[in-house]
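*Asks:* Turn this into a model:
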Amino acid sequence: HGVCGEVGTAPLRRVTSGVGVQPKDMGDYEFHFLTHSFEDWLEQWVYFLNFWFTHKAASHTRITLLRYEDLGAHTEHVLQKLLSASGLAAKGDLKEAADRAAEAFPSSAASLKKDLYFNTKLAKTPTAAKMAQTVMSSYSELMEALGYHEWIDEIAQSHH
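*Replies:* Residues are numbered from 1 along each chain as shown. All right, here's what the predicted structure looks like:
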């Protein structure tokens with residue numbers, strides 16, 4: 001049990017069931033690429049974002065966007081944003097709480113090794129450049145809105 005009750009994911013509300021994409025399904029991109037292309041995964045990821053931010057079925061849902069990269073780089077600030085959005089307050093010093101959480105649930109070295117944001121060597125590969133070019137050619141405005149534009153554009157330009 002955590003601060004917010006049961007650990008796990010809540011079922012979709014009836015109004016969003018069948019029309020949304022579960023976030024837990026979006027993270028399994030390695031499995032997805034065994035049977036689908038990067039372009040298919042990207043389209044589904046964009047659909048997921050558009051659904052939660054623009055679809056009428058989600059219009060009465062309060063959404064707070066937290067970037068994984070910011071959680072790793074600016075943990076205390078992101079946790080404060082999360083607490084504020086959820087209406088909760090930190091018990092004690094937030095910096096100490098963030099440090100305890102990071103110690104209790106350390107980042108997986110194996111996962112970070114596969115993450116373009118944290119593995120700059122991986123980000124400089126031709127495959128990463130091709131993926132970044134695909135993203136920028138179709139979703140440049142979305143990347144700008146999410147704060148990824150410069151970073152993805154840099155990767156896209158690395159193998160021209």
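*Asks:* what's Glu141 in contact with, if anything?
*Replies:* Counting by CB atoms under 8 Å, 6 or more residues apart in numbering, Glu141 touches no other residue. The way it works is simple: take the backbone N, C-alpha and C, and place the C-beta from them, glycine included.
*Asks:* Kindly provide the distance from it to Val135.
*Replies:* Distance, Glu141 to Val135, using CB to CB, to the nearest Å: 11 Å.
*Asks:* Ok, Arg100 next?
*Replies:* 36 Å.
*Asks:* Please enumerate the strands of this protein.
*Replies:* In the chain, no strands are defined using DSSP state E.
*Asks:* rewinding a little: which of Arg100 and Val135 has more residues huddled nearby?
*Replies:* Legend: neighbour count by other CB atoms under 10 Å for Arg100 and Val135, higher for Val135 (23 against 12).
*Asks:* The more buried one: what's it in contact with?
*Replies:* Leu42, Met143, Ile152, Ala156.
*Asks:* Would you write a PyMOL line that selects the buried entries of the residues you listed?
*Replies:* To isolate the buried ones among the contacts of Val135 in PyMOL, judged by 16 or more other CB atoms under 10 Å, type:
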select buried, resi 42+143+152+156
